[in-house]
Structure formats: structure tokens, C-alpha cells
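1. Here is my input; please provide its structure:
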Amino acid sequence: MASKKRELFGNLQGFVGPSGKLSLLEVGCGTGANFKFYPPGCRVTCVDPNPNFEKFLIKSVAENRHLQLERFVVAAGENMPQVADGSVDVVVCTLVLCSVESQERLLQEVRRVLRPGGAFYFLEHVAAESSTWIYFWQQILHPSWYLLFDGCHLTRESWKALERAGFSELKLQHFWAPLSWELVRPHICGYAIK
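-> Reported below is the predicted structural model:
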């Protein structure tokens, strides 16, 4: 997925705000796997409900010296009161919409923290087309998958939540990820502008 992420994040610099430095919030940052795709000088705030990721983020920042880690916030994406209204240029969310409790609440929070003209970048696995065998197996295996993979939904049509979220512009692409598990190959990626 590295080439897809390079392509997706290739225009991040275009959303630099008045400060002259890109202020980026990553929701569901995990261990910082996206850091290497962010532009030099980027100031990153990370939000994740798992406090154990902080030690991995520190290691990842040490390996990606072109970034500045502003802070790590332990919170769910649906409730980030520690992040001020209109305070970030870009929000990034990769492989998170599948497991949040409420996509609608997360997207409301994203819109709240983005400055006007800021962008929300996403890359997510989604439900396959309903007429396919992959969709059929996603439906059958979803209950077990949900339990095994920490609340991950195989059957979410996340593009619909993005379409309803009230962004002024939405650039969305459906694609098949080059993954070995057929069930998670249907993906969407793109960005939305506030």
C-alpha cells in the first residue's frame, strides 16, 4: 500500500495554513506507519484510544526526523475535546472508519477541528459490491471478524458516511488493494475539503 499512500498524500503540502507549516492531526495513528509519507516540516498531533502506542510513536518520530510530533492525545476519534476548533490544516484517518463506534460522530469531530479550507484524508477497507461473492462472504464472516479483529466491520459502506458528512468537496476513489485476503481488498481513498 506504500505506493497508494504516496499518491494519496502527495498533495498534503497544498493545504498548509497561514502559519506556513502544515498542522496535521492523525486519528487512529497506531504506531506511526504513515509518518514517512508526510512532508518535511509537518507538525503532527496524534490521537488514539490506546495509550500503549505512545512509545511506538516516539520511536517512529526518531526514524522520521523530517516531522515534528506536537503531542499524543489518548482519545477516541468521536470525542477529541483536547483538539481545538478549527486548529488543524489536515486530518488523516487510515483504516479507522471500519472500527469506530460512530462514523458520523467521528466525521463531525473532523469537521470541527479542521480550519476552513482544510482537508480530511482517508484510506479505508469497505464492503464489496452487493452482487459479488466477496460481499456474500463478508456478510457471513462479519460477526466472527468483528470479534477477532477488535471491532472491525467488514461490511461498512464508509463512502456513504463521507458523502453525508457535509464537506464542501469530496474526492473519492474505489479500488482493489493488493492484499492477500480477498475480504479486505475493496477499499476507498481520497480527501474531503471543509
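2. Val88 contacts Val44, doesn't it?
-> No. No contact is recorded between Val88 and Val44 when judged using C-beta atoms under 8 Å, the distance being 9.8 Å. Quick note: C-beta positions are derived from backbone N, CA and C, even for glycine.
3. Please enumerate the shared neighbours of the two.
-> By the contact definition C-beta atoms under 8 Å, 6 or more residues apart in numbering, Val88 and Val44 are jointly contacted by Leu24, Leu25.
4. what's the longest helix along the chain in contact with?
-> Longest helix in the chain by number of residues, with DSSP state H as the criterion: helix 133-148. Contacts with helix 133-148, where a contact means C-beta under 8 Å, 6+ apart, come from Ala127, Ala128, Glu129, Cys152, His153, Leu154, Thr155, Glu182, Leu183, Arg185, Pro186.
5. Could you pull out the buried residues of that helix?
-> Within helix 133-148, the residues that count as buried by 16 or more other C-beta atoms under 10 Å are Ile134, Tyr135, Gln138, His142, Trp145, Tyr146.
6. on that earlier part again, any idea which of the contacts of helix 133-148 is closest to Val110?
-> For the contacts of helix 133-148, the closest approach to Val110 (C-beta to C-beta) belongs to His153, at 18.5 Å.
7. Helix, strand or coil: sort out the residue nearest the centre of the chain for me.
-> Among the residues of the chain, the smallest C-alpha distance to the mean C-alpha position (C-alpha atoms, centre = their mean) belongs to Cys93, namely 0.9 Å. Remark: Cys93 carries the secondary structure label strand [criterion: DSSP: H, G, I helix; E, B strand; the rest coil].
8. who's in contact with it?
-> When contacts are taken as C-beta under 8 Å, 6+ apart, Cys93 is in contact with Glu26, Val27, Gly28, Gly77, Leu106, Val110, Phe120, Tyr121, Phe122, Glu124.
9. Sketch out the helices for this protein, chain order is fine.
-> Along the chain, the stretches classed as helices by DSSP H are 2-8, 54-63, 103-113, 133-148, 158-164.
10. same question for the longest one, mean pLDDT?
-> Summarised as a single mean, pLDDT over helix 133-148 is 92.
11. Ok, the third one next?
-> The predicted model gives helix 103-113 an average pLDDT of 97.
12. about what we covered before: please name whichever of the helices of the chain is nearest to Leu97.
-> Nearest to Leu97 among those is helix 158-164 (4.6 Å), distances taken as C-beta to C-beta.
13. Quick one: mean pLDDT over the closest one.
-> Here helix 158-164 scores 97 as its mean pLDDT.
14. contacts for it?
-> With contacts defined as C-beta under 8 Å, 6+ apart, helix 158-164 is touched by 97-98, 103-104, 107, 122, 124, 126, 170, 172, 174, 188, 192.
15. related to what we said a few turns ago, state the pair within the contacts of helix 133-148 that is farthest apart.
-> Among these, the pair separated by the greatest distance (C-beta to C-beta) is Glu129 and Cys152, at 19.7 Å.
16. Which of the two has more residues huddled nearby?
-> With neighbours defined as other C-beta atoms under 10 Å, Glu129 and Cys152 compare such that Cys152 has more, 17 against 9.
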